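1. Quick one: sequence and predicted model below, then my questions.
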Amino acid sequence: MTDVYIAKDQFAGKRVELSDISIRDGLQSLETIIDTDTKVKYLEGLILAGFKRMEATNYGHPKFVPFFPDATEVLKRLLNSETKGPDGRTIGAMMKRNGGDVELTAVAIHEAGAERAFKDFDAGHGPDRILQMTSTCPEHQKANSGKTHDQYFAMTEQVIKAAHSRGMVVNGTVSTIWGSPFETYNKQYSMEEKLDIAITFVKRYLDCGADDIELADHDGSVTDYHKSHEFFSRVLDPQEMGTGPDGRDYSDPNLYIAHFHTKNMASALRNAAAALKAGIIRFESCLSGIGGQPANAVDGVVIEGREGDYYSDHFNHGLISTEDMVSMFHEIGVETGINQEMLIKLGNDFRSDVLEKFAATQKRLGRPSMPCRSFMLKDGKLPESVRQLYAG
């Protein structure tokens with residue numbers, strides 16, 4: 001028995017908050033551009049299944065991240081959607097901007113993306129929340145943003161002020177917490193030193209005014225779930241985190257979102273269980289367990305300026321599966337607010353509509369594709385290596 005073992009009924013009735021980010025993080029990893037109708041269809045389906053937080057699009061530069069040319073259109077269509085839920089309310093009425101409780105997030109890592117988000121927001125159809133991102137690894141930081149750490153934090157502080165003046169929320173993502181795809185960083189620091197560095201980045205983002213923090217393992221570096229438990233326990237420790245200059249308790253679990261990419265889906269699920277044990281209540285995931293770094297090619301053509309992929313085995317570094325994580329939490333007795341039956345049906349449709357069609361195209365091009373990695377969709381059950389943490 002491990003110290004991260006979850007006793008039967010320990011979390012019965014506990015509620016977590018799940019965000020699905022398939023239509024942003026998921027689709028950007030596929031080497032093709034998915035049409036707007038499909039994006040809206042699955043965003044609406046996830047909302048109808050119970051999700052209140054959706055990462056809907058990316059305002060990245062279309063030259064380098066060409067998968068979201070319809071960022072504004074997707075948000076407009078959700079805000080004006082007449083699709084009705086079981087209670088008779090329309091999807092549009094469920095949107096936070098229209099007085100509902102569904103929050104829409106868009107990635108806006110750079111200043112130009114943030115400006116596009118602000119322009120859309122001012123026009124009445126922008127996101128409620130934008131996401132910015134730093135990496136603890138300097139090489140990863142430079143590759144993603146083109147800026148040093150100091151340059152990025154100076155920029156993001158101004159973005160946060162501009163967003164808050166409009167009533168928008170800003171997420172600060174801290175990446176490469178447990179390790180980086182750049183081996184220089186991994187060799188330079190021990191795991192304990194990496195976690196120490198990550199804590200300083202979390203505090204720095206909060207000091208800049210970020211409203212919440214995504215704590216991300218973007219390439220499956222945390223293979224030992226005890227290290228997941230250790231880090232999340234630290235960010236929820238009042239003595240270690242302290243109080244911010246604005247009076248916020250930096251150990252408040254509402255501030256943090258767990259985000260796990262991995263080659264090994266069972267490992268990601270064990271990490272999520274460990275984070276739950278530590279006290280984390282907010283998690284992100286993707287349908288079928290897809291997602292990851294923006295693809296470097298579109299339909300077989302390499303994107304100019306994106307030559308060379310610094311992630312190995314790209315199509316096996318997806319995010320934790322939405323279908324699996326919801327199922328695991330329900331088995332533990334945790335309340336998610338998600339209709340699992342609707343989710344599994346939606347997941348199967350997504351697998352057929354998106355992944356299998358993408359795989360067929362890639363096969364014609366002689367290129368690899370991203371597989372469905374959800375245990376629930378493939379096997380109808382979670383693996384014993386996950387269930388042994390809480391079954392009994």
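-> Cool, got the structure.
2. If we go by neighbour counts, what in stretch 29-49 is buried?
-> 29-32, 34, 39-49 (16 or more other Cβ atoms under 10 Å). From N, CA and C alone the C-beta is placed, and that goes for glycine too.
3. swap that for stretch 261-273, sorry
-> 261, 262, 263, 265, 266, 267, 268, 269, 270, 271, 272, 273.
4. cool, stretch 77-93 as well?
-> 77, 78, 79, 81, 83, 91, 92, 93.
5. need the contact list for the fifth one.
-> Going back to what we said before, that points to residue 83. Counting by Cβ atoms under 8 Å, 6 or more residues apart in numbering, residue 83 makes contact with 44, 48, 90, 91.
6. Closest one to residue 363 out of those residues, please.
-> Using Cβ to Cβ, residue 44 is the member of the contacts of residue 83 that lies nearest residue 363, at 29.6 Å.
7. quick revisit: need the buried residues of stretch 77-93 in a markdown table (columns: distance to residue 277).
-> Formatted as a markdown table, these follow (distance: Cβ to Cβ, whole Å):
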| residue | distance to residue 277 |
| --- | --- |
| 77 | 39 |
| 78 | 35 |
| 79 | 38 |
| 81 | 38 |
| 83 | 38 |
| 91 | 35 |
| 92 | 38 |
| 93 | 37 |
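8. what's the closest of these to residue 304?
-> Using Cβ to Cβ, residue 77 is the member of the buried residues of stretch 77-93 that lies nearest residue 304, at 29.7 Å.
9. Does that closest one touch residue 41 like I think?
-> No. Residue 77 is beyond contact range of residue 41, at 10.2 Å (criterion: Cβ atoms under 8 Å).
10. Now do the strands in the stretch 201-350 of the chain.
-> When assigned using DSSP state E, counting those that start in this stretch, the strands of the stretch 201-350 of the chain occupy the ranges 212-217, 256-260, 282-285, 297-298, 301-302.
11. Return the helix or strand encompassing residue 54 as CSV; C-alpha atoms alone will do.
-> Using DSSP states H and E, residue 54 sits in strand 53-58. What follows is strand 53-58, C-alpha atoms only, in CSV (Å, rounded to 0.1, in the frame of the first residue of the first chain):
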residue,chain,number,x,y,z
ARG,A,53,-15.2,25.5,-18.0
MET,A,54,-14.2,25.2,-21.7
GLU,A,55,-10.9,26.0,-23.4
ALA,A,56,-12.4,27.0,-26.7
THR,A,57,-9.6,28.4,-29.0
ASN,A,58,-6.2,29.9,-29.4
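12. Looking at the contacts of residue 83, which two lie furthest apart in space?
-> 48 and 90 (11.0 Å).
13. where in this structure is pLDDT low?
-> For the chain, the stretches with pLDDT under 70 are 1-2, 307-312, 392.
14. Is residue 43 in contact with residue 57, as I believe?
-> No. Shown here, residue 43 and residue 57 do not form a contact pair, counting by Cβ under 8 Å, at 9.3 Å.
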